[in-house]
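J.: Next one to model:
(one chain, ligands or ions: 1)
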Amino acid sequence: MHTRRAFLQTTLAATSALLADSLGAEKGAAPAADACAFLAPEDEGFAVARALYNGCIETQPKWIARCASEAGVRHAVLRAIEKAWPVAVKAGGHSFEGLSLNDDGLVVNVAAMNDLRLDAKTGVLTAGAGCRLADVNRFLMARGRFLPAGSCETVGLAGLTLGGGYGLFARKWGLTCDHLRAVRMVAGTGEIHDSRNEPDLLWACRGGGNGNFGVVTQLTLQTRVAPKLFSSWKFRAFNLNAREATELLKVWFDATTALPREAFSAWVMNGRQVTILLTTIGSPSEKGFTAFHEKLKTHTDKAGDAGTVPLAKALPRYYGEPGPQLFKNCSAGFYKGFADLEAALPAVFAEVLHEPGMIFQVNTLGGAIADGPPGAYAHREYGYLGEQQAFWENPAHAASRIAAAGRIRGHLAQAGIRRHYVNYPDLAFPDWPAAYYGEENYRRLQTLKRIYDPQNLIRHAQSVRLPA
Ligand SMILES: Cc1cc2nc3c(=O)[nH]c(=O)nc-3n(C[C@H](O)[C@H](O)[C@H](O)COP(=O)(O)OP(=O)(O)OC[C@H]3O[C@@H](n4cnc5c(N)ncnc54)[C@H](O)[C@@H]3O)c2cc1C
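T.: So this is what the prediction gives:
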């Protein structure tokens, strides 16, 4: 599938430059403090402000408000109220389904709001809603601090945190939203709220705040002392059939149960090849860790050691490929263990083996995530998260990849997989409110929707609905 890189370099070069420009231009050219520039499709800067990581999304807003301050955001929301425009909110632009854009409405783009401030005494970070993960990493690591988050450098801190946010460090320290201490938000009413006075708002923004109630303008997060060293390994198994892949996945699930919290692992099937990633910020000689290593070594064809390096050197290895890309990715569900998934595997693996460009991945969660603070994130008891990915280079392959992804979704649903990660959305999930939030949390989010956005101004295809 990795010929896609060559394709993207040529076919999507122009759009890629546009996206790269958008990061620089929006960061560098922040207008005056209370500014808000309204851009129409024919205006210079509109394409940059609209650019998404997913190159398949064709949604076309009527206006984009490029905001550089909370006052600018408020101005944009008040204008939308006056004109009865629906509002979508965009930060890093990585929503798989393009939920940060809308058709024929207003998009509030906060990318220029990328200030970062650290209280050196308490380690509390105050971040503008437009910051991207690489900015945050660079800023904090230069000061000996760290925020556990996702891997891809251009993902927006706001979108990631408001939906949860997991990565290589979540088992040790919890989700990114578990580090959230406060948000400021311009609600759908145009009023400014600070969650320091409204604990329910903080609760909602820990996993249920993506484009539902208003525009979050600022996030306050507790950071950690940066770990110094990071170790990683890769195991590879080749030419697997569905039965062999199933056996290897079972071995992996079993081995992960003894992993220390410092460790993370991902099991990734791409066609007939499985790659297993193992990382730790702890000691590689810890017992559960060495047991995992020994077991996987004997069940795979090739084991490679990337060594132990300073964290700052390791992180860019996981920054991923630049966008835009052509793909259809979505959650493949939360699992408590292998048994949750077993019934679906023959059919799921048949799809991955048959359709080129399909990837099925399972990541470890668990550890500190289980003990996180109260919030709308509803999946703390699940120790694993699945993701399915479909990539293509030639647009002519889109239909068959998307169809295969749909069949995988069906196989998983048939096996009883019901819970999904809101940051890996799929417009085709039938009961998305319960899948993303659980029924109880969704009802509570609906109550908050009535308070913060009673006219349902802030909305997208899977935003929290007003209560009936
Ligand atoms: C390449 C790639 C790698 C990823 N890696 C990880 C990972 O390692 N871990 C992980 O947990 N997730 C990961 N994700 C998923 C990611 O967390 C979500 O896509 C996230 O929502 C993206 O946030 P964004 O700000 O970049 O996107 P956007 O598209 O701008 O926004 C995403 C959603 O958040 C809402 N939103 C954004 N800003 C605000 C705001 N200021 N106020 C209110 N709502 C807002 C939008 O309305 C939209 O609904 C990855 C995604 C991609 C494409």
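
J.: Strands of the stretch 151-300 of the chain, residue ranges please.
T.: 180-187, 192-194, 214-222, 224-225, 229-237, 263-270, 273-280 (DSSP state E, counting those that start in this stretch).

J.: Now residue 279: closest residue in space that isn't a chain neighbour?
T.: Distances taken as Cβ to Cβ, 6 or more residues apart in numbering place residue 232 nearest to residue 279, at 4.4 Å, with adjacent residues excluded. Placement of C-beta: from N, CA and C, glycine included.

J.: doesn't residue 303 make contact with the one you found?
T.: No - between residue 232 and residue 303 there is no contact under Cβ atoms under 8 Å: 11.8 Å.

J.: what does the stretch 201-350 of the chain put close to the ligand?
T.: Within reach of the ligand by Cβ under 6 Å from any ligand atom, the stretch 201-350 of the chain has these residues: 209, 210, 211, 215, 216, 320.

J.: check contacts around the residue in the stretch 251-400 of the chain that the ligand sits nearest to.
T.: For the stretch 251-400 of the chain, the residue closest to the ligand is residue 320, as judged by Cβ to the nearest ligand atom, at 5.1 Å. Contacts here follow Cβ atoms under 8 Å, 6 or more residues apart in numbering; on that basis residue 320 touches 151, 152, 153.

J.: Filter these down to the buried ones, ChimeraX style.
T.: Of those, the buried ones go into a single ChimeraX selection, burial set by 16 or more other Cβ atoms under 10 Å:
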select :152,153
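
J.: For the contacts of residue 320, give me TSV that also has distance to the ligand and pLDDT.
T.: Formatted as TSV, the contacts of residue 320 follow (distance: Cβ to the nearest ligand atom, whole Å; pLDDT from 0 to 100):
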residue	distance to the ligand	pLDDT
151	4	94
152	3	96
153	9	94
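
J.: Pipe the contacts of residue 320 into JSON lines and attach distance to residue 183 per row.
T.: What follows is those, written out as JSON lines (distance: Cβ to Cβ, whole Å):
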{"residue": "151", "distance to residue 183": "23"}
{"residue": "152", "distance to residue 183": "22"}
{"residue": "153", "distance to residue 183": "23"}
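
J.: Looking at the contacts of residue 320, which is nearest residue 179?
T.: The shortest gap between residue 179 and any of these belongs to residue 151, at 16.4 Å (Cβ to Cβ).

J.: The residue lying closest to that closest one once chain neighbours are set aside: neighbour count?
T.: Residue nearest to residue 151 in three dimensions, not counting chain neighbours: residue 318, with 3.8 Å by Cβ to Cβ, 6+ apart. Under the neighbour criterion other Cβ atoms under 10 Å, residue 318 is assigned a count of 16.

J.: can you check residue 257 too?
T.: 12.

J.: could you list every residue that touches it?
T.: The contact partners of residue 257, by Cβ under 8 Å, 6+ apart, come to none.

J.: Tell me, how many residues neighbour the closest residue to the ligand within the stretch 201-350 of the chain?
T.: Residue of the stretch 201-350 of the chain nearest the ligand, by Cβ to the nearest ligand atom: residue 211 (2.7 Å). A count of neighbours around residue 211, defined by other Cβ under 10 Å, yields 28.

J.: related to what we said a few turns ago, dump the residues of the stretch 201-350 of the chain next to the ligand into JSON lines; add pLDDT as well.
T.: Below are these laid out as JSON lines (pLDDT from 0 to 100):
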{"residue": "209", "pLDDT": "98"}
{"residue": "210", "pLDDT": "98"}
{"residue": "211", "pLDDT": "98"}
{"residue": "215", "pLDDT": "98"}
{"residue": "216", "pLDDT": "99"}
{"residue": "320", "pLDDT": "92"}
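
J.: farthest-separated two in those?
T.: For these, and using Cβ to Cβ, no pair is farther apart than 215 and 320, which are 26.4 Å apart.

J.: Count the neighbours of the residue of the stretch 351-468 of the chain found nearest the ligand for me.
T.: As assessed by Cβ to the nearest ligand atom, the ligand sits closest to residue 423 within the stretch 351-468 of the chain, at 3.8 Å. If you count neighbours by other Cβ under 10 Å, residue 423 ends up with 23.
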